[in-house]
Each structure stands twice: as structure tokens, then as C-alpha cells.
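S.K.: Structure for the following, please:
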Amino acid sequence: MNKSQLISHIAKQSELSLTKAEKVLAAMLNGIETTLTQGGSVSLVGFGNFGTKERAAREVRNPRTGEKMKIKSTVVPYFKAGKFLKEQVDLKK
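M.R.: Now for the predicted structure:
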């Protein structure tokens with residue numbers, strides 16, 4: 001499912017226009033992004049958690065040249081599925 005299909009699904013399920021459904025999705029994604037950018041986390045009980053993790057600086061090797069390179073530490077987003085979502089996906093096998 002891509003973004004436009006998700007917007008259509010939201011519109012159909014909630015009986016909203018496509019424009020309003022798009023605004024709802026944009027607001028939700030913006031809220032998650034803003035919270036993660038500020039160092040917070042988002043917990044949707046049963047669905048999952050969005051958060052950030054810091055990756056430490058490390059030294060790696062270029063596979064082509066064998067040259068050593070340093071990679072700076074970074075903060076990356078993550079998603080961890082909740083129990084209910086895991087159970088629902090497992091039932092669909």
C-alpha cells in the first residue's frame with residue numbers, strides 16, 4: 001500500500017473526503033516526526049512504538065579499496081511493533 005492508497009483507505013473507513021483524509025494523515029505523520037525530532041517517542045498501544053536510537057561513531061572499511069573510513073555518530077528512527085499488531089499479522093499466515 002502506498003501513500004495515496006492509504007489516504008483512500010482512511011477516507012473510505014472514516015467517511016471523509018480525500019482532501020480531509022490527506023490532511024489527517026499529514027497531521028499524524030507530522031506529529032510523529034516533530035516528536036521524534038525533539039527526542040521524544042510515540043506510543044500507540046497495541047500498534048507499536050516510534051522512537052530514536054543513537055548509533056555510535058565507528059570505523060569501517062571500504063570493500064572496494066580496503067581503505068578505512070570513519071562514520072560519525074547519528075540518531076536514527078525506529079519502529080517496534082506492539083503485541084496486538086504482531087498477533088494480527090501472525091494470524092494472517
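S.K.: Every contact and neighbour count from this point should use C-alpha atoms.
M.R.: Fine.
S.K.: Show the low-confidence segments of the chain, by residue range.
M.R.: By pLDDT under 70, the weakly predicted segments of the chain are 92-93.
S.K.: Strands of that one, start to end?
M.R.: Assigned by DSSP state E, the chain shows strands spanning 42-44, 48-55, 58-61, 68-71, 74-81.
S.K.: strand partners of the third one, parallel vs antiparallel please.
M.R.: This points to strand 58-61. Each strand paired with strand 58-61, and its direction, by DSSP bridges: strand 68-71 (antiparallel).
S.K.: got the contact list for the partner strand?
M.R.: Residues from elsewhere that reach strand 68-71 (Cα atoms under 8 Å, 6 or more residues apart in numbering): A57, R58, E59, V60, R61, N62.
S.K.: and those residues as JSON lines, adding distance to T34 and neighbour count?
M.R.: Written out in JSON lines, the entries for the contacts of strand 68-71 read as follows (distance: Cα to Cα, whole Å; neighbours: other Cα atoms under 10 Å):
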{"residue": "A57", "distance to T34": "25", "neighbour count": "11"}
{"residue": "R58", "distance to T34": "28", "neighbour count": "10"}
{"residue": "E59", "distance to T34": "31", "neighbour count": "10"}
{"residue": "V60", "distance to T34": "31", "neighbour count": "12"}
{"residue": "R61", "distance to T34": "34", "neighbour count": "11"}
{"residue": "N62", "distance to T34": "35", "neighbour count": "9"}
